[in-house]
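got a structure for you, letters missing:
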């Protein structure tokens, strides 16, 4: 099992549990994670959901050794079908879960790692947290769930996509992407304290407050933009497929090896 699940004091804690590989996400992990979100959403004894990770890093993104067939078998249709379900559908479902959610993140949060914390309503980050999306190296304009512009603002989003450089926890807090930055050894305690505070609020009021904010973002174009940019993302895959053997995947995998 790559996901741990626990309920106490009306808080469901969902833990990524692949610390030996910086919590990279294979398909099984994502399926288990989605099942945990669904379990928490349907449990009347759960008022707040906390997503956290074991180990040094929250998540170094997708497990490139797991998600792809052999280079000769990759087609754009295969990629589109797989990513529609496990990336776009899952993240939107987590984002719209009617219960408040908190991500507690530390270390590196790379590419697909952003897709695990951005759907959460609140983010608490340790001081050493670094957020990055280097997917432009693949000739693709960012990960499948395009929260960049909404989370960082247009100019900062372009900067991190154009350069691939990480955004520090302090920078992320200034943009509003992160609610609070805390010392690493206080991360879990701070996330739990916040969850306990929220759990005391009336559940219907929390549900309606979340719906009001999410609906406002959707009226402003969030949902339509995420759907549209997902298709833009797929044109990047099409371009990368034109290069025999998808060689850039090897470079990205080598980069992830260095951060373990």
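Okay, I see it. As the structure is a prediction and not an experimental result, all values here were calculated from the model.

neighbours of residue 6, how many?
Residues near residue 6, counting by other Cβ atoms under 10 Å, number 10. For glycine as for every other residue, the C-beta is placed from the backbone atoms N, C-alpha and C.

helix, strand or coil: sort out it for me.
Here residue 6 is recorded as strand under DSSP: H, G, I helix; E, B strand; the rest coil.

distance from stretch 155-165 to the middle of the chain?
Offset of stretch 155-165 from its chain centre (Cα atoms, centre = their mean, to the nearest Å): 17 Å.

an error on my part: the question was meant for stretch 157-168.
The answer for stretch 157-168 is 16 Å, by Cα atoms, centre = their mean.

give me the residues contacting it.
108, 129-134, 136-137, 141-142, 148-149, 151-152, 156, 175, 177 (Cβ atoms under 8 Å, 6 or more residues apart in numbering).

where in the protein is pLDDT low?
Judged by pLDDT under 70, the chain has its weakly predicted residues at 67-73, 243-260.

which residues in it form helices?
Using DSSP state H, the helices of the chain run over residues 27-42, 64-67, 76-83, 90-96, 114-117, 148-152, 154-163, 169-175, 187-199, 203-219, 222-241, 248-258.

which of the residues in the longest one are buried?
So that's helix 222-241. Of all the residues in helix 222-241, those buried under the rule 16 or more other Cβ atoms under 10 Å are 222-223, 225-226, 229-230, 233-234, 236-237, 240-241.

cool, and the first one?
Taking 16+ other Cβ under 10 Å as the neighbour-count basis, helix 27-42 is seen to contain the buried residues 29-30, 32-34, 36-37, 40-41.

now the fourth one
By 16+ other Cβ under 10 Å, the buried positions in helix 90-96 come out as 90-91, 94-95.

excluding its backbone neighbours, what's nearest residue 217?
Once flanking residues are discounted, residue 217 sits nearest to residue 150: 6.9 Å by Cβ to Cβ, 6 or more residues apart in numbering.

I'd say the one you found and residue 223 touch.
No - shown here, residue 150 and residue 223 do not form a contact pair, counting by Cβ atoms under 8 Å, at 10.8 Å.

hey, what's in contact with both of these two?
residue 217.

circling back to that earlier point, any chance of the buried residues of helix 90-96 in a markdown table, plus distance to residue 102?
Shown next, in a markdown table, are the buried residues of helix 90-96 (distance: Cβ to Cβ, whole Å):
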| residue | distance to residue 102 |
| --- | --- |
| 90 | 18 |
| 91 | 16 |
| 94 | 12 |
| 95 | 13 |
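
nearest to residue 11 among these?
Proximity of the buried residues of helix 90-96 to residue 11, judged by Cβ to Cβ, is greatest for residue 94, which lies at 16.3 Å.

looking at the buried residues of helix 222-241, spot the one nearest residue 51.
residue 226 (19.3 Å).

wait, what's in contact with that closest one?
88, 92, 145-147.

can these go into CSV with extra columns for distance to residue 14?
What follows is these, written out as CSV (distance: Cβ to Cβ, whole Å):
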residue, distance to residue 14
88, 20
92, 17
145, 18
146, 23
147, 19
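
emit the PyMOL select command for whichever of the residues you listed are buried.
Of those, the buried ones can be selected in PyMOL as follows, counting by 16+ other Cβ under 10 Å:
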select buried, resi 88+145+146+147
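
list just the nearest of the contacts of residue 226 to residue 215.
Closest to residue 215, out of all of the contacts of residue 226 and judged by Cβ to Cβ, is residue 92, at 13.8 Å.

show me the contacts for the closest one.
119, 145, 223, 226.

and if we set it to 10 Å?
By Cβ atoms under 10 Å, 6 or more residues apart in numbering, the contact set of residue 92 is 119, 145, 223, 226-227, 230.

also residue 149?
With Cβ under 10 Å, 6+ apart, residue 149 has these contacts: 142, 155-158, 161, 221-222, 225-226, 229.

mind doing that once more with 8 Å?
Going by Cβ under 8 Å, 6+ apart, residue 149 touches 157, 225.
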